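A.B. asks: Sequence and predicted structure below; questions after.
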Amino acid sequence: GQQLNQSPQSMFIQEGEDVSMNCTSSSIFNTWLWYKQEPGEGPVLLIALYKAGELTSNGRLTAQFGITRKDSFLNISASIPSDVGIYFCAGQGWGGADGLTFGKGTHLIIQP
Amino acid sequence: GAVVSQHPSRVICKSGTSVKIECRSLDFQATTMFWYRQFPKKSLMLMATSNEGSKATYEQGVEKDKFLINHASLTLSTLTVTSAHPEDSSFYICSASSRGRASDEQFFGPGTRLTVL
């Protein structure tokens, strides 16, 4: 099936640093979503973006929905140890009952 | 927030046997449930979409006779892996959404780790 192009694949950062990751797609989506998944668990929604160009924040997280509807980025400011995990972008089509197309994930590792 | 549960969380079975995985929405009625599959260090791949009371819609490349999906009620969907083989070993995750919710947000279950020996 289709996948979104998500980068970077992994990030090794120091605590306190800012993080940025992004996703691109050849197709347009109605909704862009960012999830975090911890080992052995299901993904948890961080931010949902519904309008092209929309910039949304959730605490230290900021995400934007690209104006072309084909890309999105997620920034995490002042990283802390509990930010460790795998972050996935996901796109959803216009049907409310559409499944999600996920990116390949960004593995965030915070070095002491 | 809405809660989705899965049972069992882990299952180990012998090759050739069938395994049933349950997905339940605990505090809302899920008009649509989705089943995803995730291999180690890989992304989630949509397998099928099921609407309550109707047949599931499978994604291209997913064998419907291999992965039987039943969505008999607004709070329960089941995925049965029939005649399981080692290559079916994976992390299976369901999600549920309700058209009654403004954003049609999908709420994910905690996943089921299937190991086929």
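C.D. replies: Thanks, I have it. Numbering: from 1, shown residues only, chains lettered A, B, ... in the order given.
A.B. asks: so residue A:31 touches residue A:52, yeah?
C.D. replies: No: using Cβ atoms under 8 Å, residue A:31 makes no contact with residue A:52, being 10.7 Å away. From N, CA and C alone the C-beta is placed, and that goes for glycine too.
A.B. asks: ok, those two, which is more surrounded?
C.D. replies: Counted by other Cβ atoms under 10 Å in any protein chain shown, residue A:31 and residue A:52 do not tie: residue A:31 has more neighbours, with 21 against 16.
A.B. asks: Beta-bridge partners for the residue positioned nearest the centre of chain B, please?
C.D. replies: Nearest residue to the geometric centre of chain B (Cα atoms, centre = their mean): residue B:35, 3.5 Å. Beta-bridge pairing of residue B:35 under DSSP bridges involves residue B:48, residue B:94.
A.B. asks: Pretty sure it sits against residue B:71.
C.D. replies: No: taking contacts as Cβ under 8 Å, residue B:35 lies outside contact range of residue B:71: 10.0 Å.
A.B. asks: Give me the common contacts of these two.
C.D. replies: Residues touching both residue B:35 and residue B:71 (Cβ atoms under 8 Å, 6 or more residues apart in numbering or on different chains) are B:50, B:77.
A.B. asks: Name the nearest residue to residue B:76, ignoring sequence neighbours.
C.D. replies: Spatial nearest neighbour of residue B:76, chain neighbours left out: residue B:24 (5.3 Å); criterion: Cβ to Cβ, 6 or more residues apart in numbering or on different chains.
A.B. asks: actually residue A:19, not the one I wrote
C.D. replies: Distances taken as Cβ to Cβ, 6+ apart place residue A:76 nearest to residue A:19, at 4.1 Å, with adjacent residues excluded.
A.B. asks: could you point out where chain A is predicted with low confidence?
C.D. replies: Applying pLDDT under 70 to chain A picks out residues A:1-2, A:96.
A.B. asks: for chain B, what are the nearby residues on it?
C.D. replies: By Cβ under 8 Å from any Cβ of the partner chain, the residues of chain A that approach chain B are A:1, A:3, A:35, A:40-45, A:48, A:50, A:88, A:96-105, A:107.
A.B. asks: I'd like the list of those that fall within strands, please.
C.D. replies: Among the residues of chain A next to chain B, the members falling in strands (DSSP state E) are A:35, A:44-45, A:48, A:88, A:100-102, A:107.
A.B. asks: Mind giving me the PyMOL select for those, buried ones only?
C.D. replies: Entered in PyMOL, the line below selects the buried ones among those, by 16 or more other Cβ atoms under 10 Å in any protein chain shown:
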select buried, chain A and resi 35+45+48+88+100+101+102+107
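A.B. asks: which one of the ones in strands among the residues of chain A next to chain B is nearest chain B?
C.D. replies: For these, the residue nearest chain B by Cβ to the nearest Cβ is residue A:102; the value is 4.5 Å.
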